[in-house]
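Novice: quick one: sequence plus predicted model below, questions after.
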Amino acid sequence: MGSSPNQIKLFFLLFVLSLLMITSLTIVVFAVGGVEFNLIYTHPSPDYFGSIGIYVVPLNVSDVSLLQQASLYVIDSAGLPRYSYLFSSIPPLVLFLEQSLGITTYSIYYGGTNPYTGFIATPGTPQSIWGAFDDFDYNTGFWSTYNSILGGGKYEVGSGGWLALNTSYPQDFLHIFTVLGRRALKIVLNVTEGWVIIHLTEKEFGDWEVIFDGKDIYFIHQDGTPLRYTIIYFNKREKTLISAVELKRSNTVLMMYGGANPYENYRVE
């Protein structure tokens, strides 16, 4: 079957010269329910270091219904938001803008509350970013090709052939990969250093059925750095979890659960 024009997404780039830092009041409450979190590690070619670019990021998503543009946001390793856009839910693809490319990490959240709605890069607005997607079922005219055959949802590029978007664009697309994607609960506290007690019940948390046996629970910074922790009490039937986490220069932690625990050695018995 062929594709209709509305299956083709095309929008244009307006680079934002400077990102504005948004500050918000500290909310001393626990987040309700589970959001999903992907940690993205970027390692572009040194040829691009310091330049502006757009990352095209595939997400590790457990439930596509969690992917909503209004709830998705991207922050860098310093906790600053990036202009981003949910390019496609199927497959899950996100675009976000980086003003100075380098080796670093980003955190992508969705399924919860978005504190950075001003950084949604909606097409047609001044903060929009450029991207193109084609399912390659028929010739849309968006692509210039040589020695390439179109069909079956793909282009087959022959020897010496090429495929290029026929719209000028000053930077290359950079493709990276997801290294971590599992359930997370974002918790904001009123202190930034030392050990704190976190008490979760059905009122603060709604994903009890996803937790395995408590051994899958661990805690990290938003940049993916693991934190020392201990599980004081866990009862899935009672929907009660009491834990302690050692904070380090941040009042925000992510409680990871529902998957393998790579940081069991950070658990203090």
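Specialist: Cool, the structure landed.
Novice: centre of the chain to the helix or strand hosting Leu95, how far?
Specialist: Using DSSP states H and E, Leu95 sits in strand 93-98. Chain-centre distance of strand 93-98: 9 Å, with Cα atoms, centre = their mean, to the nearest Å.
Novice: what's the answer for stretch 206-214, then?
Specialist: 22 Å.
Novice: ends of it, what's the gap?
Specialist: 15 Å (Cα to Cα, to the nearest Å).
Novice: now that stretch: average pLDDT?
Specialist: The average pLDDT for stretch 206-214 rounds to 86.
Novice: same thing with stretch 188-203?
Specialist: Computed over stretch 188-203, the average pLDDT equals 89.
Novice: show me where pLDDT drops low in this structure?
Specialist: For the chain, the stretches flagged by pLDDT under 70 are 1-34, 130-135, 138, 140-142, 164-182.
Novice: quickly list the domain ranges of it.
Specialist: 5-25+37-132+170-180, 136-162, 182-259 (automatic domain parsing).
Novice: could you export these as TSV, including distance to Val268 and mean neighbour count?
Specialist: (C-beta placed from N, C-alpha, C; glycine too.) Shown next, in TSV, are the domains of the chain (distance: least, Cβ to Cβ, whole Å; neighbours: other Cβ atoms under 10 Å):
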stretch	distance to Val268	mean neighbour count
domain 5-25+37-132+170-180	22	16
domain 136-162	51	12
domain 182-259	4	16
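Novice: next up, the contacts around the spatially most central residue of the chain.
Specialist: In the chain, the residue lying closest to the centroid (Cα atoms, centre = their mean) is Ile108, at 2.1 Å. Ile108 sits next to Phe37, Asn38, Ile40, Val57, Leu59, Leu72, Tyr73, Val74, Ser84, Val94 when contact means Cβ atoms under 8 Å, 6 or more residues apart in numbering.
Novice: JSON lines for those residues, including secondary structure and distance to Pro123?
Specialist: Below are the contacts of Ile108 laid out as JSON lines (DSSP: H, G, I helix; E, B strand; the rest coil; distance: Cβ to Cβ, whole Å):
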{"residue": "Phe37", "secondary structure": "strand", "distance to Pro123": "26"}
{"residue": "Asn38", "secondary structure": "strand", "distance to Pro123": "23"}
{"residue": "Ile40", "secondary structure": "strand", "distance to Pro123": "22"}
{"residue": "Val57", "secondary structure": "strand", "distance to Pro123": "18"}
{"residue": "Leu59", "secondary structure": "coil", "distance to Pro123": "19"}
{"residue": "Leu72", "secondary structure": "coil", "distance to Pro123": "15"}
{"residue": "Tyr73", "secondary structure": "strand", "distance to Pro123": "17"}
{"residue": "Val74", "secondary structure": "strand", "distance to Pro123": "17"}
{"residue": "Ser84", "secondary structure": "strand", "distance to Pro123": "13"}
{"residue": "Val94", "secondary structure": "strand", "distance to Pro123": "14"}
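Novice: show me which of the residues you listed is closest to Ile198.
Specialist: Proximity of the contacts of Ile108 to Ile198 was ranked by Cβ to Cβ; the top entry is Phe37 with 16.9 Å.
Novice: what separation do you get for the spatially closest residue to that closest one that is not a sequence neighbour and Tyr218?
Specialist: Leaving aside its sequence neighbours, Phe37 sits nearest to Ala184 (Cβ to Cβ, 6 or more residues apart in numbering; 3.8 Å). Distance, Ala184 to Tyr218, using Cβ to Cβ, to the nearest Å: 10 Å.
Novice: which neighbours do the two share?
Specialist: Listed as contacting both Ala184 and Tyr218 by Cβ under 8 Å, 6+ apart are Met255, Met256.
Novice: Val35 - how many residues pack around it?
Specialist: Residues near Val35, counting by other Cβ atoms under 10 Å, number 19.
Novice: that one: what's it in contact with?
Specialist: So Val35 contacts Leu66, Ser71, Tyr109, Tyr110, Gly111, Gly112, Ala184, Leu185, Lys186 (Cβ under 8 Å, 6+ apart).
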